[in-house]
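Q: Below is the sequence, then the predicted model.
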Amino acid sequence: MNTNQAKHFGWSVVAASWLAVFCLFGYRATFAILKGPMSADLGWSQAQVTLGYSLMMLFYAITAFFSGMILDKWGTKPVYAIASVLGALGFYFTSMISSHLAYLFTFGLIAGIATGMLWVTSTVSVRKWYVGKSYATMWGIAFAGAPMAQFVLAYITKSALQNGGADAWRGAMQILAVIILAALVLAVILAKRSPEKYDMKPFGEMPAPTDGPEQAEYEWEVKEAFSKYAIWAAILTFLTSMMGEFLIWTQVVSYWTADLGWTRDKAVGIYAVIGIIGIFSMPLMGVVADKVVQKKGNEAKGRKTMLIIGPLTGVIACLLLLMSGQTVLWAYVACFVFAVYWAIVPGGVVGYTGAIYGRKTLGKIWGLATLIVMGIGPFTGSFIGGWLKDFSGSYTYSIYFALGSFAVSILMALTLPLAATPDVATTGHHRPRRAFT
């Protein structure tokens, strides 16, 4: 395989991941728009409708672990293939429901399994192809599918609702089902296995040590990996950031409308800035992260630096939100800073974990980490935000909690070790492969 063919394979992996992230965040972005019409048409409370989303996130977290195992053993194609069918059926079957139990099955279980197959697979597949000085740039391009979904699919959903009657949400979901199926079938076509399957090395490897022969990459067992502090430090860094992030995602519009008295259209318009800026900030911050890695000369050290900076931007954004009552300008700036945070942390923690544990069994390791983080962080952050509003009568204290959560994430990031020592010493060498760097 020549250099151009190898680069084509790498870009195919990134494109497949972009499509997977687009579909994953498409589910999240459109739910906020669809839940109101669903509630009105079916006569359900907001709690009944939201329960379906909560179950989706629960099964998402559980499925993430198993999708990581499939990825390590059989590659990305079977994972994307299963997700394409279930992702389309999740929307389509939900468009046909009339009972709450059926809704919990179609949107909670089926969609939850589908979305759970997309996050770990997209992040790890890019990591298997791009390491060192290239990973963050390429993941930033792939992750730009998330804000693009928030912009494009939200617009399509709103248009479908405006052009229909009381049950227009059903037609909107059927449109989304077709889009999800088409996008993920294309992802299956584009997806590739690990570069070793094509007698290659990943792109972006740091210079090999000059004091001895190159050592074979150690294959970590999940139990052994989780016996080291490195993975728990990464989990806690990510978990505390997720608590703050999801609290902001679920509460900030209500903060602007209930506490500051802004109209909903004004608040939603400002909130959309995060998605628009994210389309550009994610690739750009990926380039910045890789420049930091090159400057540090050590990938783990560079990723750690970015994981300190990431939640720091979350703290700054929360402070700006608290100042947005003075002038709307601070709200726009806060959204800009949150878009920068979003571009750093989710991909950065995968990059750090990959730098510590390598690529061979990263799917299983990161799958279990995702199960822990996403099983706790989003629910806890959202719940505490709502509870603090009920307790205090204001969303202001929710913003303070998010600020504190980001601050704890910084403290955890400061403790991230730069290496993890295997329980058994590694021996042997890589079979010679042609590198394309």
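A: Happy to help now that I have it. Residues are numbered from 1 along each chain as shown.
Q: And the pLDDT at Lys133?
A: Here, the pLDDT recorded for Lys133 equals 82.
Q: Would you confirm that it contacts Val292?
A: No: if you go by CB atoms under 8 Å, Lys133 and Val292 don't touch, sitting 9.8 Å apart. For every residue, glycine as well, the C-beta is placed using N, CA and C.
Q: which of those two has more neighbours?
A: Shown here are Lys133 and Val292; by other CB atoms under 10 Å, Lys133 has more neighbours (23 against 19).
Q: sec struct for that one, please.
A: coil (DSSP: H, G, I helix; E, B strand; the rest coil).
Q: Now do the contacts for it.
A: 204, 206, 290, 293-294, 299 (CB atoms under 8 Å, 6 or more residues apart in numbering).
Q: Could you do Leu51 as well?
A: Contact analysis of Leu51 by CB under 8 Å, 6+ apart lists 104, 108.
Q: before we move on, what about Gly347?
A: Applying CB under 8 Å, 6+ apart, the residues near Gly347 are 123, 136, 139-140, 143, 286.
Q: Top of these by number of neighbours, please.
A: Busiest of those [other CB under 10 Å] is Ala136, holding 34 neighbours.
Q: Next secondary structure element downstream of the helix or strand where that one lies?
A: Secondary structure assignment for Ala136, by DSSP states H and E: helix 135-143. Sequence order places helix 145-162 as the next helix or strand after helix 135-143, per DSSP H and E.
Q: That following helix - contacts with which helices or strands?
A: Where contact means 3 or more CB pairs under 8 Å, 6 or more residues apart in numbering; DSSP states H and E, helix 145-162 is packed against helix 3-42, helix 168-190, helix 264-296, helix 328-357.
Q: How about residues contacting that helix?
A: Residues outside helix 145-162 that contact it (CB under 8 Å, 6+ apart): 17-26, 29-30, 33-34, 37, 168-169, 171-172, 175-176, 179, 272, 274-279, 282, 339, 342.
Q: Centre of the chain to it, how far?
A: 18 Å (CA atoms, centre = their mean, to the nearest Å).
Q: Send me the helix holding Ala136 as CSV with only the CA atoms.
A: C-alpha atoms of helix 135-143 as CSV (Å, rounded to 0.1, in the frame of the first residue of the first chain):
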residue,chain,number,x,y,z
TYR,A,135,-4.8,12.3,16.9
ALA,A,136,-6.5,15.5,18.2
THR,A,137,-6.5,17.2,14.8
MET,A,138,-8.3,14.2,13.2
TRP,A,139,-10.6,13.6,16.1
GLY,A,140,-11.5,17.3,16.1
ILE,A,141,-12.6,17.0,12.4
ALA,A,142,-14.6,13.8,13.2
PHE,A,143,-16.2,15.4,16.3
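Q: Please read off the pLDDT at Gly354 from the model.
A: 90.
Q: Give me the distance between Pro37 and Ser159.
A: For Pro37, the distance to Ser159 equals 13 Å [CB to CB, to the nearest Å].
Q: How about Val13?
A: Separation of Val13 from Ser159 (CB to CB) stands at 32 Å.
Q: Between these two, which is the more surrounded one?
A: Between Val13 and Ser159, counted using other CB under 10 Å, the more crowded position is Val13 (25 against 13).
Q: you'd agree that one is up against Arg127?
A: No: Val13 is not in contact with Arg127 according to CB under 8 Å; the separation is 10.0 Å.
Q: Tell me how the chain divides into domains.
A: Using automatic domain parsing, the domain ranges for the chain come out as 3-192, 222-414.
Q: hang on, the earlier thing: what's the lowest-pLDDT member of the contacts of Lys133?
A: Within the set of those, pLDDT is lowest for Met206 (62).
Q: Could you measure from Ala144 over to Ser12?
A: Using CB to CB, we find Ala144 at a distance of 16 Å from Ser12.
Q: Same check on Ile70?
A: Distance, Ile70 to Ser12, by CB to CB: 19 Å.
Q: Low-confidence regions, the stretch 201-350 of the chain specifically.
A: For the stretch 201-350 of the chain, applying pLDDT under 70 flags the ranges 206-216.
Q: go again using 80 as the cut-off
A: Along the stretch 201-350 of the chain, segments meeting pLDDT under 80 span 204-217, 249-251, 253-254, 264-265, 268-269, 272.
Q: circling back to that earlier point, JSON lines please, covering the helices and strands packed on helix 145-162 and showing distance to Tyr92.
A: What follows is the helices and strands packed on helix 145-162, written out as JSON lines (distance: least, CB to CB, whole Å):
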{"stretch": "helix 3-42", "distance to Tyr92": "13"}
{"stretch": "helix 168-190", "distance to Tyr92": "4"}
{"stretch": "helix 264-296", "distance to Tyr92": "25"}
{"stretch": "helix 328-357", "distance to Tyr92": "29"}
